[in-house]
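Mind looking at a prediction? Sequence and model below.
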Amino acid sequence: MTGATDSPIVESRLPLSVGRLSLTGALSLFVVYAACWAGATVGVPVTHAFIGLFTSFAVGSLAALCVGGAWALLAGGFTGAVVAAIYNMVKFMEPPSAK
């Protein structure tokens, strides 16, 4: 049996990439938005309130996909950038032995 110090996993102490996390957030939120839009288009019987967060166009319309998708990309990108920036700022909270 191996001990905890024998683990082959090496933790990275590098800061998170703001650009990479911003792109990840943008694409992730757009994919979720597009899936909700597709569900609305085929008539899945749910509220589709998520679509309403990003557009006031008719749920399931092409305009809702375009405008709401653009806003979802921007919101996801902004959220990813904020998460990465805050994560990098609170690095001081790491235990001294981990630095």
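That came through fine.

By mean pLDDT, point me to the weakest helix or strand of this protein.
Every helix and strand of the chain was ranked by mean pLDDT, DSSP states H and E. The lowest is helix 49-52, at a mean of 94.

Give me the below-cutoff pLDDT ranges for this structure.
1-12, 96-99 (pLDDT under 70).

top helix in it by residue count?
helix 62-89 (DSSP state H).

Can you give me the buried ones in it?
Buried residues in helix 62-89, counted by 16 or more other C-beta atoms under 10 Å: 64-65, 68-69, 71-73, 75-77, 79-81, 83-84. In short, each C-beta sits where N, CA and C put it, glycine included.

same check, this time on stretch 37-55
Applying 16+ other C-beta under 10 Å to stretch 37-55 flags Trp37, Gly39, Ala40, His48, Phe50, Ile51, Phe54, Thr55 as buried.

Could you find the closest non-adjacent residue to the last one?
The shortest distance from Thr55 to any residue other than its chain neighbours is 3.6 Å, reached at Gly68 (C-beta to C-beta, 6 or more residues apart in numbering).

how far away is the one you found from Ala85?
Between Gly68 and Ala85 the computed distance is 26 Å (C-beta to C-beta, to the nearest Å).

How about Pro95?
Counting by C-beta to C-beta, the gap from Pro95 to Ala85 is 22 Å.

and which of the buried residues of stretch 37-55 is nearest Val18?
Taking C-beta to C-beta as the measure, Val18 lies nearest Phe54 of the buried residues of stretch 37-55, at 22.7 Å.

what kind of secondary structure is that closest one in?
Secondary structure, DSSP: H, G, I helix; E, B strand; the rest coil: Phe54 is coil.

so it makes contact with Cys66?
No - using C-beta atoms under 8 Å, Phe54 is not in contact with Cys66; the gap is 10.7 Å.

Correct me if wrong: Gly52 contacts Val59.
Yes - shown here, Gly52 and Val59 form a contact pair, counting by C-beta under 8 Å, at 7.4 Å.

which element is the residue most central in space within the chain on?
With distances taken as C-alpha atoms, centre = their mean, Gly25 lies nearest the centre of the chain, 3.0 Å away. Per DSSP states H and E: Gly25 is located in helix 18-42.
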